[in-house]
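Undergrad: okay, here's the prediction I keep looking at, along with the sequence it came from:
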Amino acid sequence: MTIHYVVLDDDPFSVKLMRRQLSALGIMEVQSFHEAIPAMEYLATRPTQGIVLICDLQMPGIDGVELLRHLATIQFAGALILVSGEDQRIIEAAQSLADAHGLNIRAALRKPVSSDQLKQLVESDLTEARPETSSFAMPSYSADSIRKAIEQQQFVLHYQPKVDMMSGKLSGVEALVRWQHPTDGLILPERFISVAEEAGLIERLTRSVIAGPWGALQQAHKWINAGLDIQIAFNVSMDDLVQYEFPEFVVESALNHGVPLAKLLVEVTESRLMVEPLIAIDVLTRLRLRRISLAIDDFGTGHSSLAQLCSIPFDELKIDRQFVHGASSNKTHRVVTSASSQIAAQLGMKTVAEGIETREDWDFARVCGCTYAQGFFVGKPMPAEGLRSWMEHWQEARQALHLPA
Ligand code: C2E
Ligand code: MG
Ligand code: MG
């Protein structure tokens, strides 16, 4: 694919400088705009796949936030490099917003952009697909096809390990649902969970995730029988928590499978928590009364106040991976991670650092006092059969971390 550069900046001097820097890197063909509207029209009328858009966040007439919204509307499929003279926190906020819009954002840089920064970006493959593919590139499935897949039991669970940061010991696994699609391969939840929620199918899916023939409880039973002392976590949606009988369903299913309730952990995503707070608090509290553990997931991405957080007896707080991964090089993220971990400790909760991808992430989360780590650095989600060999591998990896045996 040929890469095509577009520069958008209201400051003629910045455009000139950028052109010169690009041409020093051998990139001569650059389309530039001083205003957003013509740039948007230009982008809206052609395929955007191979385009690298380098754009200023602050322009007269349209601000960077509106611009990101426009790019999302025209389903801009190219790569985006944001530049701005604004302070680092504004740039980071814009970056998060671009991410939330599913845009392929490659960098958010402060002006003036150095030639080295630009060189690095140009040399990395700018058109390569994002690891977490955006919702544009990967459309969701229809409610009908998901309904059929539930009936035909086409879902499977993968399990991601969670380890204690002091000892490195495996403390539990999180069950993550995947759709084993007959023709499309293994499909990740981002492409079917929200459709299932909107179509009223999520309760059936959750119930199979927990108690189905391929579900978490039958696997938990096998592991416990094999002498593995771990907790099994599963994710629930808000729609599950507004069912008053949900706790009874979980308790009965666990008893039927011979799994002690203390071995279960229910994860609730923070942003979904507060839609129906009263019923959710009722249901969650009754789960907790039965000794099932509760975790608040993706902490930092929702809107719950501390008061709401305190009104539910959570055992664990999972700090969202957007704050954990790369925290050592981002001040705002560092502050969020370390403050979240302190709040949790003060409230008597344990913390899980999600998205530990590198040794730096690990070291930083450990310094912050996070109790558990989860992320690709420790282990990716895997089929249940993979856990034993992961454990052997982790045993070796642990040694490099100089943790007690
Ligand atoms: P989550 O519960 O926050 O799960 C963590 C997600 O982050 C998983 O994505 C996992 O693969 C990914 N992840 C873990 N470590 C890393 C890392 O180091 N780097 C990166 N980049 N990613 C990491 P997955 O499996 O695609 O699941 C996405 C979300 O879908 C889950 O987020 C959860 O909210 C939802 N989900 C998964 N299974 C179920 C389910 O059975 N029911 C419901 N209602 N939601 C589910
Ligand atoms: Mg989770
Ligand atoms: Mg999470």
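TA: In hand now; what should we look at? Just so we're clear, the structure is a prediction, and the values are computed from it rather than from any experiment. Numbering: from 1, shown residues only. Ligands and ions are numbered 1, 2, ... in the order given.
Undergrad: and residue 234, which of the three is it?
TA: With DSSP: H, G, I helix; E, B strand; the rest coil as the basis, residue 234 sits in strand.
Undergrad: and the spatially closest residue to it that is not a sequence neighbour, what does it touch?
TA: Once flanking residues are discounted, residue 234 sits nearest to residue 175: 4.6 Å by C-beta to C-beta, 6 or more residues apart in numbering. Yep, even glycine has a C-beta here, placed from its N, CA and C like the rest. Each residue near residue 175 by C-beta atoms under 8 Å, 6 or more residues apart in numbering is listed here: 157-159, 209, 216, 219, 232-235.
Undergrad: which strand or helix spans residue 175?
TA: Using DSSP states H and E, the secondary-structure element containing residue 175 is strand 170-181.
Undergrad: briefly note if that strand comes near ligand 3.
TA: No - for strand 170-181, no contact with ligand 3 is found by C-beta under 5 Å from the ion; the gap never falls below 8.7 Å.
Undergrad: may I have that strand exported as CSV, CA atoms only?
TA: Extracted in CSV, the C-alpha atoms of strand 170-181 (Å, rounded to 0.1, in the frame of the first residue of the first chain):
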residue,chain,number,x,y,z
LEU,A,170,-0.8,-17.7,40.4
SER,A,171,-3.8,-16.5,42.4
GLY,A,172,-6.6,-16.9,39.8
VAL,A,173,-7.7,-16.8,36.2
GLU,A,174,-10.3,-14.6,34.4
ALA,A,175,-12.6,-16.3,32.0
LEU,A,176,-13.0,-14.3,28.8
VAL,A,177,-15.5,-15.4,26.2
ARG,A,178,-14.7,-15.9,22.5
TRP,A,179,-16.9,-17.0,19.7
GLN,A,180,-15.5,-19.9,17.7
HIS,A,181,-17.1,-18.8,14.5
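Undergrad: residues contacting residue 176?
TA: 157-160, 189, 235, 381.
Undergrad: mark which of these are buried, thanks.
TA: Buried subset of the contacts of residue 176 (neighbour count, 16 or more other C-beta atoms under 10 Å): 157-160, 235, 381.
Undergrad: the residue lying closest to residue 40 once chain neighbours are set aside: which element?
TA: Counting by C-beta to C-beta, 6+ apart, residue 70 is the residue found nearest to residue 40 once chain neighbours are left out, at 5.3 Å. Assigned by DSSP H and E, residue 70 belongs to helix 64-73.
Undergrad: which residues are contacting that helix?
TA: Applying C-beta under 8 Å, 6+ apart, the set of residues contacting helix 64-73 is 36, 40, 43, 53, 55-59, 62, 80, 82, 84, 94, 97-98, 101-103.
Undergrad: one more pass at 6 Å, please.
TA: For helix 64-73, the external contacting residues (C-beta atoms under 6 Å, 6 or more residues apart in numbering) are 36, 40, 57, 94, 97-98, 101, 103.
Undergrad: can you redo those residues as CSV with pLDDT and distance to ligand 2?
TA: Below are these laid out as CSV (pLDDT from 0 to 100; distance: C-beta to the ion, whole Å):
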residue, pLDDT, distance to ligand 2
36, 89, 38
40, 91, 37
57, 86, 33
94, 84, 27
97, 86, 23
98, 88, 24
101, 86, 23
103, 90, 24
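Undergrad: among these, the buried ones, what's the PyMOL command?
TA: Those of the contacts of helix 64-73 that count as buried under 16+ other C-beta under 10 Å are selected in PyMOL with:
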select buried, resi 36+40+57+94+97+98+101+103
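Undergrad: nearest to residue 143, of the contacts of helix 64-73?
TA: residue 101 (23.8 Å; C-beta to C-beta).
Undergrad: which residues does the closest one contact?
TA: Here residue 101 is in contact with 68, 72 (criterion: C-beta under 6 Å, 6+ apart).
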